[in-house]
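# sharing a sequence plus its predicted fold:
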Amino acid sequence: MGAAEDVKPRRGGAVAVATGIFLSRIAGLARERAIAYYMGNSPAAGAFRAALRIPNFLQNLLGEGVLSASFIPVYAKLLAQGRDDDAHKVARAVGTLLALVACALSLLGVLASRWLVDVVAPGFHGEARELTIDLVRIAFPGMALLVMSAWCLGVLNSHRKFFLSYVSPVVWNAAIIAAVIAAGRRAMGGDDIAIWLAYGAVIGSGLQFLVQVPTVASLLRSLRPSLEVKHEGVQATLRAFGPVLVGRGSVQLSSYIDQLLASYLGPPTVAAIGYASIIALLPVSLFGMAVSAAELPEMSGTLGDAQEVAAKLRDRLRGSLRQIVFLVVPSAVAFVAIGAPIIALLFQTGRFGAEDTRVVWIILAGSAIGLSAQTQGRLLGSAFYAMGDPKPPLRAAMIRVAITAGVGWALVLPIRDALGYDEAWGAFGLTASAGVAAWIEFLLLKTWLARKIGAVPIPAKLGFACLAIASIAGALGGGAYWLLTAHMHVRAVIAALAAVPIYGAVYLGVAAAAKIPEASGFVRRFTRRRR
């Protein structure tokens, strides 16, 4: 009885992560709608996107993704072995090292802001470049605070306290919303609003860190700084940090490359890519990240010989991958079929008009190509990290980055110059090339993981079934939106309120009728709550 129960996937952690992420993403959408209302796709909005990307790039490299994959496996295993004191020593030492490195990088970022902007946004010139430099100088100190917030997340996740760490970005978003509304109501220009936004981001970073500190302090019993770097757990974390830095950092590096290439398409296109990425990251965060974050400490705490560990990992992956595919495949189809109503519903207000919706939709459609591969690949990468083997994700990530850079460069610069398509389709080329690279990375991870644990239970049949059902739902939802807007002259936002529910209801209803277990379980939970 015990063995079967041990390998049964726990969904409570994934639900807690998804709930926290959902609330923070709702706050993020409110933030983006406020920014869209006051700034639209203006050059100032593009400068703000570019400026925030620079410190966020370093924060994400040092923070959640890399720290989780290198620190949580060590920390969670010590806890599973009952070595709580050692686990706490490791956490305090890693936290101290992170604080020192993050503060040093923040200072360097402020001092090197002009050089950084020229590296990340070489296509920006004149006033747009100068504004971006000012914004980088303001925003960089917030990077150190967000890195420490990610350290808190690592501690909390290892203790299966998922909700607080993933809901804490709500306060970050709230600070930015307050800043943009305050600046907008003062009838400020776009540049001044962007400055206020940058200060709001720094204040929000501090709040996000502070709301987690009391719980972390109670778990570690002390927040006393420590430089006990010779501890075996700290050494194991540091050994994994380098490969994980490159492996998990591939997403950030790809984003950096996209940012650099997008700068040649102009600040408005950079702003449009920012809006599209907000939507594209929703299913990645809610489904891919939620499941992967909950599974990493569970897989890391798996004990037994090599065959027992492999069997348990396959069992955990089986249910988790099905859950991801059932939710992510329709998300990808929705980006293409009903992308316009989704964008109109979220952002079409104030200075964000119908043409802005069209541009963002084109970019979002490119993101759909690699969405399923990206989310499944993240979970497969977590399995490698849980086993203490970060090198396969590193190799796959390097291949992914090379493909993204090469194909993206060609589509934005020489091919676009030769064929003459507009900036929106150049941005589509960036997101589409990243999607193709994500599929190659996923297939490599699948092949390499199979060599360690046996056949990886990828739910291919479920994926094709979900794709077919979502296509039917997309035709009906997209058709309803076209009929309402083109023939009945209903406002885009109102038509979207009809199209999006039609899509979701048809997908879920047909999937349940086809007796897909994930759909049937969802319907049962929903009907029980209604009663």
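Noted; the coordinates are in hand.

# next up, phi/psi of G420, please.
Main-chain dihedrals, G420, degrees, to the nearest 10: phi 80, psi 20.

# next: F352.
Taking degrees, to the nearest 10 as the convention, F352 sits at phi -100, psi 110.

# give me the neighbour count for it.
Number of residues near F352 (other C-beta atoms under 10 Å) recorded here: 28. All C-beta atoms are positioned from the backbone trio N, CA, C, and that covers glycine.

# go on, A450?
Other residues close to A450 by other C-beta under 10 Å number 13.

# show me what contacts it?
Residues in contact with A450, defined by C-beta atoms under 8 Å, 6 or more residues apart in numbering, are V456.

# for I138, which non-adjacent residue is spatially closest?
Counting by C-beta to C-beta, 6 or more residues apart in numbering, I138 lies nearest to A198, which is 4.0 Å off, once chain neighbours are set aside.

# please identify the helix or strand for that neighbour.
Per DSSP states H and E: A198 is located in helix 190-210.

# list the buried residues of that helix.
Buried residues in helix 190-210, defined by neighbour count with 16 or more other C-beta atoms under 10 Å: 190-191, 193-209.

# residues in contact with the helix or strand just after that helix?
Using DSSP H and E, the helix or strand that directly follows helix 190-210 along the chain is helix 213-220. Contacts to helix 213-220, defined as C-beta under 8 Å, 6+ apart, come from residues 88, 91-92, 152, 155-156, 159, 161, 164, 223.

# let me see the contact set for V90.
71, 74-75, 78, 231, 233-234, 237.

# contacting residues for the residue nearest to it when sequence neighbours are not counted?
In space, and not counting its chain neighbours, V90 is closest to G233: 3.7 Å by C-beta to C-beta, 6+ apart. Applying C-beta under 8 Å, 6+ apart, we find G233 in contact with 74-75, 78, 86-87, 89-90.

# pull the CA atoms of the helix holding A198 into CSV?
Output of helix 190-210 as CSV, limited to C-alpha atoms (Å, rounded to 0.1, in the frame of the first residue of the first chain):
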residue,chain,number,x,y,z
GLY,A,190,4.4,59.4,-21.9
ASP,A,191,8.0,59.8,-20.8
ASP,A,192,7.0,61.0,-17.3
ILE,A,193,4.6,58.1,-16.9
ALA,A,194,7.3,55.7,-17.8
ILE,A,195,9.6,57.2,-15.1
TRP,A,196,6.8,56.8,-12.5
LEU,A,197,6.3,53.2,-13.6
ALA,A,198,10.0,52.5,-13.0
TYR,A,199,9.8,53.8,-9.5
GLY,A,200,6.6,51.9,-8.9
ALA,A,201,8.4,48.7,-10.0
VAL,A,202,11.2,49.2,-7.5
ILE,A,203,8.8,49.9,-4.6
GLY,A,204,6.8,46.8,-5.6
SER,A,205,9.9,44.7,-5.7
GLY,A,206,10.6,45.6,-2.0
LEU,A,207,7.0,44.8,-1.0
GLN,A,208,7.1,41.4,-2.8
PHE,A,209,10.2,40.5,-0.8
LEU,A,210,9.0,41.8,2.5
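
# who are the packing partners of it?
helix 12-39, helix 43-62, helix 126-158, helix 169-185 (3 or more C-beta pairs under 8 Å, 6 or more residues apart in numbering; DSSP states H and E).

# how distant is it from the center of its chain?
Relative to its parent chain, helix 190-210 has a centroid offset of 20 Å by C-alpha atoms, centre = their mean, to the nearest Å.

# and for stretch 220-229?
How far stretch 220-229 lies from its chain's middle: 30 Å, per C-alpha atoms, centre = their mean.

# could you give the average pLDDT over it?
Averaging pLDDT along stretch 220-229 yields 84.

# what do you get for stretch 317-337?
For stretch 317-337, mean pLDDT is 93.

# start at 55 instead
Got it, the first residue is 55 from now on, which makes the last one we talked about stretch 371-391.

# shaky segments in the stretch 205-354 of the chain?
Applying pLDDT under 70 to the stretch 205-354 of the chain flags residues 241, 296-310, 347.

# cutoff 90 now
Low-confidence segments of the stretch 205-354 of the chain (pLDDT under 90): 205-223, 237-246, 273-329, 331-332, 335-354.

# name the helix or strand for the residue nearest to V144, please.
Per DSSP H and E, G287 falls inside helix 286-316.

# coming back round to it: for the residue nearest to I192, what are its contacts?
Going by C-beta under 8 Å, 6+ apart, A252 touches 102, 105-106, 188-189, 192-193.

# that one and A101, how far apart?
For A252, the distance to A101 equals 10 Å [C-beta to C-beta, to the nearest Å].

# ok, R449 next?
According to C-beta to C-beta, R449 stands 36 Å off from A101.

# between those two, which one's more packed in?
A count of neighbours by other C-beta under 10 Å puts A101 above the other of R449 and A101, at 31 against 17.

# where does that one land on pLDDT?
pLDDT, A101: 86.

# try L121
Looking at L121, its pLDDT is 68.

# where does I397 sit, in terms of helix or strand?
In this structure, I397 sits in helix 393-401 according to DSSP H and E.

# so after that helix, what's the next helix or strand?
Using DSSP H and E, the helix or strand that follows helix 393-401 in sequence is helix 408-421.

# what helices or strands is the strand or helix carrying A325 leaning on?
Applying DSSP H and E as the criterion places A325 in helix 321-337. With contacts taken as 3+ C-beta pairs under 8 Å, 6+ apart, helix 321-337 sits against helix 66-93, helix 97-116, helix 286-316, helix 360-391, helix 393-401, helix 408-421, helix 425-440, helix 477-507.

# may I see the buried residues of stretch 262-275?
For stretch 262-275, the neighbour count (16+ other C-beta under 10 Å) marks 262-263, 265-266, 269-270, 273-274 as buried.

# and which of the residues you listed is nearest to A233?
Nearest to A233, judged by C-beta to C-beta, of the buried residues of stretch 262-275 is Q262 at 14.7 Å.

# the closest one against N227, yeah?
No. Q262 is not in contact with N227 according to C-beta atoms under 8 Å; the separation is 9.3 Å.

# pretty sure A334 is touching I423, no?
No. With contact defined as C-beta under 8 Å, A334 does not count as touching I423 (10.7 Å).

# who touches both of the two?
In contact with both A334 and I423: T485, using C-beta under 8 Å, 6+ apart.

# closest to L314 among the contacts of A252?
Distances from L314 to the contacts of A252, taken by C-beta to C-beta, are shortest for A105, at 13.9 Å.

# contact partners for the closest one?
A105 is in contact with 171, 185-187, 189-190, 193, 248, 252, counting by C-beta under 8 Å, 6+ apart.

# got a winner among those residues for most neighbours?
If you count neighbours using other C-beta under 10 Å, the busiest of the contacts of A105 is T186, which has 33 neighbours.

# from W226, how far out is it?
Applying C-beta to C-beta, the value for T186 to W226 is 21 Å.

# ditto for D140
Where W226 is concerned, D140 sits at a distance of 32 Å (C-beta to C-beta).

# and M452, by the same measure?
M452 sits 31 Å away from W226, going by C-beta to C-beta.

# more crowded one of these two?
W226 (28 against 15).

# can you tell me, leaving aside adjacent residues, what's nearest to the more buried one?
Sequence neighbours aside, G258 is the residue nearest to W226 in space, at 3.5 Å (criterion: C-beta to C-beta, 6+ apart).

# quick one: contacts for that neighbour?
By C-beta under 8 Å, 6+ apart, the contact set of G258 is 196, 225-230.

# hmm, who's touching stretch 403-421?
For stretch 403-421, the external contacting residues (C-beta under 8 Å, 6+ apart) are 87, 90-96, 323, 326-327, 329-331, 333-334, 389-390, 393-394, 397-398, 401-402, 477-479, 481-486, 488-489, 546-547.
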